[in-house]
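Visitor: What follows is a predicted structure for the sequence shown.
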Protein chains: 2
Amino acid sequence: MTQVRETLSFRPGEVILYPGVPGPRDRVYQVLKGLVRLEAVDLEGNALTLRLVRPGGFFGEEALSGLERGYFAEAVTEVELLPLPKEPDPETLKALTAHLAQALAEGYRRIERLATQRLKNRMAAALLELMDTPLAKEEDGKIVLRATHDELAAAVGSVRETVTKVIGELAREGYIRSGYGKIALLDLKGLKELSQHKGEGR
Amino acid sequence: MTQVRETLSFRPGEVILYPGVPGPRDRVYQVLKGLVRLEAVDLEGNALTLRLVRPGGFFGEEALSGLERGYFAEAVTEVELLPLPKEPDPETLKALTAHLAQALAEGYRRIERLATQRLKNRMAAALLELMDTPLAKEEDGKIVLRATHDELAAAVGSVRETVTKVIGELAREGYIRSGYGKIALLDLKGLKELSQHKGEGR
């Protein structure tokens, strides 16, 4: 962790925040560069991704509410953060409020998916969500995601063994091509249809 | 809908907000009295409760973010609301931010439950959550919830038929007593243990 003027830098894989009750020195952070993943980890070590925070977004909002933090914040890529002052100015508060409103809307979509969709449909949604992050690159005209089966399991709320089966199914059906820690998205339209399908999840 | 000075009143069952893109006249609302339920409804008419807003809490935050509203807001009891001004003062913005941070933390707990717990454990958590609302009353020393099986299905992300089975199971095991639209909580300690149990949901 290097402090350069007022920003903080983290390397890929570094933990930025741990679960716990926020102390007086805790701050809300704005992401200036890179991608931050908020995730819950259960007693068996299974991770569950709660939110991906992109540049412009915020996390650590429990410093304002005083509630216990239930997640780890981890740098997925090189990350640069701006800690907000204890009393943010009204403009910053408005931006933070809009970010939280959006995070809440995304959280509610996750809840709907978990309650109503099957894993295969949720996986299609999770792959499309990752397109919009620094983990996606274009290679030979195709979008390629850098993601392990563990990371995908955390994204959809499942475990690796089950995810490996679903990824195999999506690959056999021509939606994706799966390699070592990489997934090429071959059929974006098909994935979008799958992600919108209300399955028999209930 | 009656307008008394600057507050709005709604009767039980009235819809306050419909899904859609917020317009220029849309506001964020603070609940002064009563209980508001935010819920998504799918094409088959299955409801899914996203958030219960108690007195002091807010909803309609998409008026600030401009994002499409994905939920209905419904008055569960008699409700009195205060519409916030277009440009809320810093104190109100801070209260709103803290509320959204708390709603987000609750949403993340829902996501964790949906991903890792069985319906029976989620039902215990949903019953305990309702204790903290105007739907709970004390009768003969027991806490009694006013809730139909449809409402409980919406709270846990399931359907009525399945919920009826689980409620029957909880009743047979002595955790609750179930009557017409009423649930008496007989074993709070047991329900709490059930709600914290990480099942084989994955």
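Guide: Alright, I've got the coordinates. Numbering: from 1, shown residues only, chains lettered A, B, ... in the order given.

Visitor: Please determine whether whichever strand or helix holds residue A:192 lies in contact with chain B.
Guide: In this assignment (DSSP states H and E), residue A:192 forms part of helix A:188-196. No: contact between helix A:188-196 and chain B is absent, the nearest approach being 11.1 Å (criterion: C-beta under 8 Å from any C-beta of the partner chain). Where C-beta positions appear, they are placed from N, C-alpha and C, glycine not excepted.

Visitor: Just the buried positions in that helix, please.
Guide: Neighbour-count burial for helix A:188-196, counted by 16 or more other C-beta atoms under 10 Å in any protein chain shown, picks out A:190, A:191, A:194, A:195.

Visitor: how far is stretch A:78-93 from where the chain is centred?
Guide: Distance of stretch A:78-93 from the chain centroid (C-alpha atoms, centre = their mean, to the nearest Å) equals 20 Å.

Visitor: Over to the spatially most central residue of chain A. Which of the three states is it?
Guide: Using C-alpha atoms, centre = their mean, the residue of chain A that lies closest to the mean C-alpha position is residue A:52, 2.8 Å off. Secondary structure assignment for residue A:52 (DSSP: H, G, I helix; E, B strand; the rest coil): strand.

Visitor: ok, now which ones touch it?
Guide: A:35, A:36, A:37, A:38, A:76, A:129, A:133 (C-beta atoms under 8 Å, 6 or more residues apart in numbering or on different chains).

Visitor: who are the neighbours in contact with the fourth one?
Guide: Residues in contact with residue A:38, defined by C-beta under 8 Å, 6+ apart, are A:49, A:50, A:51, A:52, A:53, A:59, A:71, A:72, A:73, A:74.

Visitor: Parallel or antiparallel, list what pairs with the helix or strand where it lies.
Guide: Secondary-structure element containing residue A:38, defined by DSSP H and E: strand A:36-41. Partners of strand A:36-41 in the sheet, by DSSP bridges, are strand A:47-53 (antiparallel), strand A:72-75 (antiparallel).

Visitor: looking at the ones you listed, which is closest to residue A:121?
Guide: Among the strands paired with strand A:36-41, strand A:47-53 comes nearest to residue A:121, with 16.9 Å by C-beta to C-beta.

Visitor: next structured bit after the closest one?
Guide: strand A:58-59.

Visitor: Same question for stretch A:170-188: list its buried residues.
Guide: By neighbour count with 16+ other C-beta under 10 Å, stretch A:170-188 contains the buried residues A:170, A:171, A:175, A:176, A:178, A:183, A:185.

Visitor: Go through those residues and name the one nearest residue A:147.
Guide: Using C-beta to C-beta, these come closest to residue A:147 at residue A:183, 6.0 Å.

Visitor: What pLDDT does the model give that closest one?
Guide: Model confidence at residue A:183, expressed as pLDDT, equals 96.

Visitor: got it, and residue A:169?
Guide: So residue A:169 comes in at 96 (pLDDT).

Visitor: longest helix in chain A, by residue count?
Guide: Using DSSP state H, we find that the single longest helix of chain A is helix A:90-116.

Visitor: same for it, what does it pack against?
Guide: Secondary-structure packing of helix A:90-116 (3 or more C-beta pairs under 8 Å, 6 or more residues apart in numbering or on different chains; DSSP states H and E): strand A:47-53, strand A:58-59, helix A:119-130, strand B:47-53, helix B:62-65, helix B:90-116.

Visitor: In chain A, what helix or strand scores lowest on average pLDDT?
Guide: For chain A, the helix or strand with the lowest mean confidence is strand A:2-4, at a mean of 46 (criterion: mean pLDDT, DSSP states H and E).
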